[in-house]
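K.L.:
okay, predicted coordinates and the sequence, questions at the end:
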Amino acid sequence: MSRLNRRHGLFALSLLALGSSWMPLSAAAQGAWPARPIRIVVAYPPGGLSDNIARALADKLAAQLGTPVLVENRAGAGGSIGMDVVAKAAPDGYTLGFSSISPLALNPHLGKLPYDPARDIAPVASVMYSPVVLLATSAFAGKNFKDMLAAAKASPGSIRWSTSGLATVGHIVLEQVQQGAKAGFTHIPYKGGGQQLTDALSGQFEVITTNLSGAVMPHIQSGKLRPLAVGAPARVEALPQVPTFAELGFAPANLSSLFGVFAPGKTPEAVLSRLNTEINLALKTPELRQRLLAADNVPTGGSAAEFSRQIAQESDNNARIIKAAQIKGD
């Protein structure tokens, strides 16, 4: 072999050796998710129910994944501001969202959004559902749901029904009951739940729909607020004597707030699958389950496909209700 050919042969061998050592490193770099901290954007203010649960989930995921999982609150516009942050983030698995499904299943029917729910957001896994409870205040003398309907039929508009805002889940429940019973209620919308609960305790209206939570339960236990119905797949463990809307004959009003984790659209399927697995593992831990149940929320979990199906089903239902009731957003 000539010296020139020998040099070419040695050069080729060195390239092969370099290539064999470089290729696994490249593949590993591409597959080494997570390699840096993950951010979870919570679409609600700090200190609330969803924020507390998101932080507990973040702690579990950090321990399981071996990387910090940070929580950032981006509240406003019924969750749409936070979800817009997720939609515009790089689809690399390092920015996630925690929200109810309303920004995907409800808000799109109330006006133009800065993101496309179908294209820009990828559902990862459901985490919990928060039951919706219908409560009577001191302003209502009736004993149960049947009495409330009778009063609304006898004197349309006499029953003032408070919700946390226009086009919220509570408002959708109201419209479904109103349509189903052919009764007339006066809607009292608030901009959030804080002042709404304060006014409920002082009897500023007859009934209120709100999420069942640690802030509400003490007032139920004291008798200041009396539960008439719950929106949930089954009766709530904390209120076993209270029927669901479905049991009362109002299945379309039997709604609860479903929460979950979302990623930017076009996030790699391998990352989405890993996230779904880790979230389901976290939801099976006694600590997180107890945290959810103590706040009267029910752990869910399951596949991303099932979560997407639930979102699509609720979106179709909301579109029909909003059109029939001519509901407008804030």
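P.N.:
Structure received. Numbers count the residues shown, from 1 in each chain.

K.L.:
how about the helices in the protein?
P.N.:
With DSSP state H as the criterion, the chain has helices at 3-31, 49-65, 80-88, 102-105, 117-120, 145-154, 169-181, 194-201, 217-222, 269-283, 286-294, 304-325.

K.L.:
so which residues make contact with the third one?
P.N.:
So the one you mean is helix 80-88. For helix 80-88, the surrounding residues in contact (CB atoms under 8 Å, 6 or more residues apart in numbering) are 41-44, 73-76, 95-97, 99, 103-104, 107, 113-116, 120-121, 262-265. Heads up, the C-betas are built off the backbone N, CA and C, glycines and all.

K.L.:
among these, which ones are buried?
P.N.:
41-44, 73-75, 95-97, 99, 103-104, 107, 113, 115, 120-121, 262-265 (16 or more other CB atoms under 10 Å).

K.L.:
deepest of the helices of the chain, which one?
P.N.:
Each of those was assessed for mean neighbour count using mean count of other CB atoms under 10 Å. The highest is helix 102-105, with a mean of 25.

K.L.:
could you list the low-pLDDT ranges of the stretch 1-150 of the chain?
P.N.:
Counting by pLDDT under 70, the stretch 1-150 of the chain contains low-confidence ranges at 1-31.

K.L.:
not counting its own residues, what contacts stretch 41-53?
P.N.:
Against stretch 41-53 from outside (CB under 8 Å, 6+ apart): 54, 71-75, 79-83, 85-86, 95-100, 103, 127-128, 130, 211, 213-214, 259, 291-292, 295, 297.

K.L.:
at 7 Å instead, please
P.N.:
54, 71-75, 79, 81-83, 85-86, 95-99, 103, 127-128, 130, 211, 213, 259, 291-292, 295, 297 (CB atoms under 7 Å, 6 or more residues apart in numbering).

K.L.:
end to end, how far does that stretch reach?
P.N.:
13 Å (CA to CA, to the nearest Å).

K.L.:
just give me how far it sits from the chain centre.
P.N.:
Between the centre of stretch 41-53 and the centre of its host chain there is 10 Å, according to CA atoms, centre = their mean, to the nearest Å.

K.L.:
can you list the strands that the top strand by length along the chain pairs with?
P.N.:
Assignment by DSSP state E gives strand 121-136 as the longest strand of the chain. If you go by DSSP bridges, strand 121-136 pairs up with strand 207-211 (antiparallel), strand 226-231 (antiparallel), strand 256-264 (antiparallel), strand 298-299 (antiparallel).

K.L.:
kindly export it (C-alpha atoms) in CSV.
P.N.:
Coordinates of the C-alpha atoms in strand 121-136 are reproduced here as CSV (Å, rounded to 0.1, in the frame of the first residue of the first chain):
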residue,chain,number,x,y,z
ILE,A,121,-52.2,22.9,23.0
ALA,A,122,-51.6,19.2,23.7
PRO,A,123,-53.5,17.6,26.5
VAL,A,124,-51.1,15.5,28.6
ALA,A,125,-53.2,14.0,31.5
SER,A,126,-56.1,14.9,33.6
VAL,A,127,-55.3,15.4,37.3
MET,A,128,-58.5,15.9,39.2
TYR,A,129,-62.1,17.0,39.0
SER,A,130,-63.4,19.6,41.5
PRO,A,131,-67.2,19.1,42.2
VAL,A,132,-69.5,22.0,41.6
VAL,A,133,-71.9,22.5,44.5
LEU,A,134,-75.2,24.4,44.6
LEU,A,135,-75.7,26.0,48.0
ALA,A,136,-78.6,27.8,49.6
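
K.L.:
what angle sits between that strand and helix 80-88?
P.N.:
Using axes from the mean of the first three to the mean of the last three CA atoms, to 10 degrees, the inter-axis angle of strand 121-136 relative to helix 80-88 is 160 degrees.

K.L.:
list the ones among the contacts of helix 80-88 that fall in strands.
P.N.:
When these are checked against strands using DSSP E, the ones located there are 41-42, 73, 95-97, 99, 121, 262-264.

K.L.:
perfect, that will be all.
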